[in-house]
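>>> Sequence plus the predicted model coming up.
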Amino acid sequence: MTIATRRIKSSFTAGELAPELFGRADLRAFENGARRLRNVVIQPTGGVARRPGLVHVAALPGAARLMPFEFNTEQTYLLALSDARLQVFLGDAEVASLPAPWTAAMLPQLSYTQSADTLLLFHPEMPPQRLTRSSHTAWTITTFAFSRMPFHAFRPDIALTPSGTSGMITVTASAPLFQPGHVATHMRLKGRRIQVFTVLDALTATAHCDELLEDVLPTNDWQESAFSSVRGQPVCAGFHQDRLVLGGSRDLPNRLWLSRTGDLGDFDSGSGLDDEGIEFALVSDQVNAIRAVFSGRHLQVFTSGAEWMVTGDPLTPSSIQLNRQTRIGSVVERQVPPVDVDGATLFVARSGRGVHEFAYTDVADAYQANDLALVARHLVQTPVSMAYDQTARLLHVVMADGGIATLTLYRAEQVTAWTRLETQGAFRAVAETEGRVYALVERFGTHRLERFDAAAGLDAALAGIAALPQDSWSGLAHLEGQQVGLLADGAPRAAETVVDGAIPVEPPAATVQAGLPFRHVIEPLPMALGGASGAAAAPLRLVSATFRILATPALEVDLGRGVQPVPFRRLDTALLDAAPVPFTGDIALRALGWRRDAMAPLWRIEGETPLPMTLLSVTTDMRITS
């Protein structure tokens, strides 16, 4: 008996599903999921489109971190931090380059926070740095100055004995304490400040009395600066309710410090007045090393083992409350700052296998941390960088293997769809500034800064316009010796090899785009496992497939006989090298042959033609024998 069946796939809002779920035809995600989605993005409306290409911006000296800097709504910058160097980009132009105090080894653990025109940078082994801008080309990096440093009693078991009460004195410890890094460090003896001048040995140091000491008796009532080269520097920071919040350090990994209200450098807790500094530790059944602080509806604290909520309206020493919410933990090998998406905070799990949505629920009066990568676990493997494009509603998560897992997130329409982006080379970092998404890409042994651009159909691409058609185009030194794809006057041409930074164009063209090609792939889930009628082993014949596409100039489809281009041109249109006209509508294609492999996809869209492609739906007509 032969059964005729028609199936309509009207959206891809579940994205690419993990192979472990191929046996779960009962899941709602199967209706809107796909088996493979490469170099495409899911639109919030449910369609799937070829991803934007990458425009070449600049060559970088080496591995780097990318950070956004928003001076105001009209002036947004991109910062590229590399070994001992900071480069500032406005749009696609480099406007400043200056020496910096960090090293290449520090880059993975660098964190940052911004307030108005000041960006603060943090690393456990580097004093906090302050980046300020006075004009497009005038930038300065200075050490952040604490007006009142927080103190901590690191060794209450050791007694200190001062030789005097004023001026230069000698301080003797009852057990080995002093290290060379203590030079210039501040201490407090019975609440009175001194500053270490020289370290003579582990038991003795000279110091200057900033305040008159009480006496010269041995005392265990002493503290030293919470941050120093000996004890470590702040790990991360954020701004909340006009306070600078510092999270963790090397020797105090689970401690939070909040500055005085309106004074970002004053961390003195004083007598506990409402506007004075606040300090407390995250006390639980495990040491929670703080990895990030985030200002949302509440002050959110992300640690290596749990997520916390700090409440108080406003936050004062007497009103502050600390509550652990979930036990996921954040990645510790590097800094991957959380991002805000529609009021929820997205962060990378410590396991490196999940991206969680930390969202407050009024019903439970608590936060929940849902795993957004649950059905696409194979795509999320060791994230190293993350950025959110609010305009396109795309979360780009760079993986250690050089790919990008891209999530389309639109809660109102229940869209949670993952795809994977790849390129010739490897993605290493990503950042977003005012709707422009930049990527650090490692190609051919070098690092380049590139930008996603909807007008580009190629990677590492450059475009040019001339008044008259040209038979040779130059300016491609960054692709020297590489075979590049070519769009000439809007039409795809044969690949050319870059020689001396130039390529030939024959016939001549007035507009050219050249760059590295990339291939997009769309494969549906196996039909038998997706809920089609009939047994999985029964012979199945695909009679026809109808693809509804939007503004698509070129389409290549495989219906079982290899990838074949779909002809769109009519008899009255120009042929050969004319730019193809975008087509919107249904394309019905016939298929031949029976098949027994239930796991093989019935159809596949695949190609690297550097033109837009948007698929809205697919209707398949099949015959199944039983």
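Noted; the coordinates are in hand. All values reported here derive from a predicted model rather than from experimental measurement.

>>> contacts, neighbours, all on C-alpha from now
Fine.

>>> residues in contact with stretch 22-34?
9-17, 522-526, 529-531 (Cα atoms under 8 Å, 6 or more residues apart in numbering).

>>> residue ranges with poor pLDDT in the stretch 301-450 of the chain?
Across the stretch 301-450 of the chain, not a single residue meets the criterion (pLDDT under 70).

>>> and the closest residue to residue 457 other than its chain neighbours, what element?
Nearest residue to residue 457, sequence neighbours excluded (Cα to Cα, 6 or more residues apart in numbering): residue 610, at 4.2 Å. Using DSSP states H and E, no element contains residue 610; it sits outside every helix and strand.

>>> Residue 610 contacts residue 490, doesn't it?
No: using Cα atoms under 8 Å as the test, residue 610 is too far from residue 490 to be in contact (9.7 Å).

>>> Show the contacting residues for the nearest residue to residue 329 once chain neighbours are set aside.
Ranked by Cα to Cα, 6+ apart and with sequence neighbours excluded, the top spatial neighbour of residue 329 is residue 305, at 3.9 Å. By Cα under 8 Å, 6+ apart, the residues touching residue 305 are 286-289, 327-330, 350.

>>> Could you confirm residue 305 falls within a strand?
No: counting by DSSP: H, G, I helix; E, B strand; the rest coil, residue 305 is not found in a strand; it is coil.

>>> Would you check how far apart it and residue 407 are?
Applying Cα to Cα, to the nearest Å, the value for residue 305 to residue 407 is 25 Å.

>>> just the helices in the protein please.
Taking DSSP state H to define them, one finds helices in the chain at 29-32.

>>> got a list of what the residue nearest the centre of it touches?
Of all residues in the chain, the one closest to the mean position by Cα atoms, centre = their mean is residue 386, 1.0 Å from it. Applying Cα under 8 Å, 6+ apart, we find residue 386 in contact with 336-337, 339, 395-398, 429-431.

>>> Columns distance to residue 415 and neighbour count on top of the residues you listed, output as JSON lines?
Shown next, in JSON lines, are the contacts of residue 386 (distance: Cα to Cα, whole Å; neighbours: other Cα atoms under 10 Å):
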{"residue": "336", "distance to residue 415": "24", "neighbour count": "23"}
{"residue": "337", "distance to residue 415": "23", "neighbour count": "23"}
{"residue": "339", "distance to residue 415": "18", "neighbour count": "18"}
{"residue": "395", "distance to residue 415": "13", "neighbour count": "21"}
{"residue": "396", "distance to residue 415": "15", "neighbour count": "26"}
{"residue": "397", "distance to residue 415": "17", "neighbour count": "29"}
{"residue": "398", "distance to residue 415": "21", "neighbour count": "28"}
{"residue": "429", "distance to residue 415": "25", "neighbour count": "28"}
{"residue": "430", "distance to residue 415": "23", "neighbour count": "25"}
{"residue": "431", "distance to residue 415": "23", "neighbour count": "23"}
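
>>> Show me the two of the residues you listed that sit farthest apart.
339 and 429 (14.7 Å; Cα to Cα).

>>> Count the neighbours of residue 466 for me.
By other Cα atoms under 10 Å, the residues close to residue 466 number 11.

>>> Just the strands from the stretch 201-350 of the chain, written as ranges.
Here the stretch 201-350 of the chain has its strands, by DSSP state E, counting those that start in this stretch, at 204-209, 222-225, 236-240, 243-247, 255-258, 278-281, 290-295, 299-303, 307-311, 321-326, 339-341, 344-348.

>>> Quick one: list the elements packing against the last one.
Spelled out, that is strand 344-348. strand 339-341, strand 355-361 (3 or more Cα pairs under 8 Å, 6 or more residues apart in numbering; DSSP states H and E).

>>> go on, the first one?
In terms of contacts (3+ Cα pairs under 8 Å, 6+ apart), strand 204-209 is packed against strand 168-173, strand 192-199.

>>> Lowest-scoring secondary structure element of the chain by mean pLDDT?
In the chain, no helix or strand scores lower on mean pLDDT, DSSP states H and E than strand 594-595, which sits at a mean of 76.

>>> List the neighbouring strands of it plus their orientation.
As defined by DSSP bridges, the strand partners of strand 594-595 come to strand 540-552 (antiparallel).

>>> Could you export the strand it pairs with as CSV, keeping only the C-alpha atoms?
Extracted C-alpha coordinates of strand 540-552, given in CSV (Å, rounded to 0.1, in the frame of the first residue of the first chain):
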residue,chain,number,x,y,z
LEU,A,540,10.0,6.6,0.8
ARG,A,541,9.8,8.7,-2.3
LEU,A,542,10.1,12.5,-2.4
VAL,A,543,7.8,13.5,-5.2
SER,A,544,8.4,17.2,-5.1
ALA,A,545,9.6,20.0,-2.8
THR,A,546,8.3,23.6,-2.9
PHE,A,547,10.6,26.3,-1.5
ARG,A,548,9.1,29.6,-0.6
ILE,A,549,11.9,32.2,-0.7
LEU,A,550,12.2,35.9,-0.2
ALA,A,551,14.3,38.4,-2.2
THR,A,552,16.7,35.6,-3.2
